[in-house]
Structure formats: C-alpha cells, structure tokens
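Colleague: using only what follows, build the 3D model:
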Amino acid sequence: MSERSEERKVGVIGMKREFTLIIELDEEGYFVATVPELHGCQIKARSFDELMERVKEAITKTLSESYERKHELEKCRTPNENSLRKI
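Modeller: Model prediction:
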C-alpha cells in the first residue's frame with residue numbers, strides 16, 4: 001500500500017459480512033476503492049461519501065449476481081423427471 005492509500009472494513013446493511021476496502025487517491029484526485037474479496041471489484045468517485053455509497057451498491061450487486069449464477073447452475077445440475085431414464 002502506498003502512503004496515499006488506506007485500508008478499511010465496511011459492512012453492508014442487511015448482510016452479516018464485512019469486506020476489506022483499500023482506498024487510494026489517484027493522480028486526478030479521485031478516490032478509488034478496491035474490494036480484495038470480490039475479484040475485479042474496483043470503484044471510483046470524486047468524493048469519499050459518494051465512494052462509500054458506490055462501494056455498498058457494488059458489493060450488493062456483485063453478491064446478488066453471484067447468488068443468481070449459483071442458483072442457475074444448481075438448476076442445471078438438478079435432474080428432473082424428464083431427464084431420468086428408466087433402466
């Protein structure tokens with residue numbers, strides 16, 4: 001971490017999980033947050049308050065999409081009557 005970065009923990013309302021945020025100030029003066037636990041989750045905003053709102057939205061959206069994908073995969077793996085053959 002550089003001298004212009006900070007690490008924080010953030011919780012999302014309605015969730016019992018905490019996530020680590022690495023917050024940096026880029027060359028253009030934007031706050032940039034990375035959530036290491038969520039691959040590819042990086043958020044950028046002009047103000048710190050806006051950044052925190054965007055972080056919560058991004059975490060919620062990422063987890064929601066992950067949950068939906070998991071359940072779609074489970075549906076594909078669950079046999080139904082038509083897929084079972086009598087031997």
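Colleague: how close does R46 get to E53?
Modeller: Going from R46 to E53 by CB to CB, to the nearest Å gives 12 Å. All C-beta atoms are positioned from the backbone trio N, CA, C, and that covers glycine.
Colleague: with K61 instead?
Modeller: For K61, the distance to E53 - CB to CB - is 13 Å.
Colleague: and what of E37?
Modeller: Counting by CB to CB, the gap from E37 to E53 is 19 Å.
Colleague: low-confidence stretches in this protein?
Modeller: 1-15, 67-87 (pLDDT under 70).
Colleague: all helices of it, in order?
Modeller: 48-77 (DSSP state H).
Colleague: tell me how many other residues surround A33.
Modeller: Residues lying near A33 (other CB atoms under 10 Å) number 24.
Colleague: partner residues bridging it?
Modeller: Following DSSP bridges, A33 is listed with bridge partners I23, I43.
Colleague: these two touch, right, it and D26?
Modeller: No: at 11.1 Å, A33 does not count as touching D26 under the criterion of CB atoms under 8 Å.
Colleague: next, show the common contact partners of those two.
Modeller: Residues touching both A33 and D26 (CB atoms under 8 Å, 6 or more residues apart in numbering): K44.
Colleague: burial of D49, as a residue count?
Modeller: Neighbours around D49, by other CB under 10 Å: 10.
Colleague: what of the one 4 residues further on?
Modeller: Residue crowding around E53 was assessed by other CB under 10 Å; the count is 13.
Colleague: report the contact partners of it.
Modeller: A45.
Colleague: check the gap between it and C41 for me.
Modeller: In terms of CB to CB, E53 sits 15 Å off from C41.
Colleague: got it, and T60?
Modeller: 11 Å.
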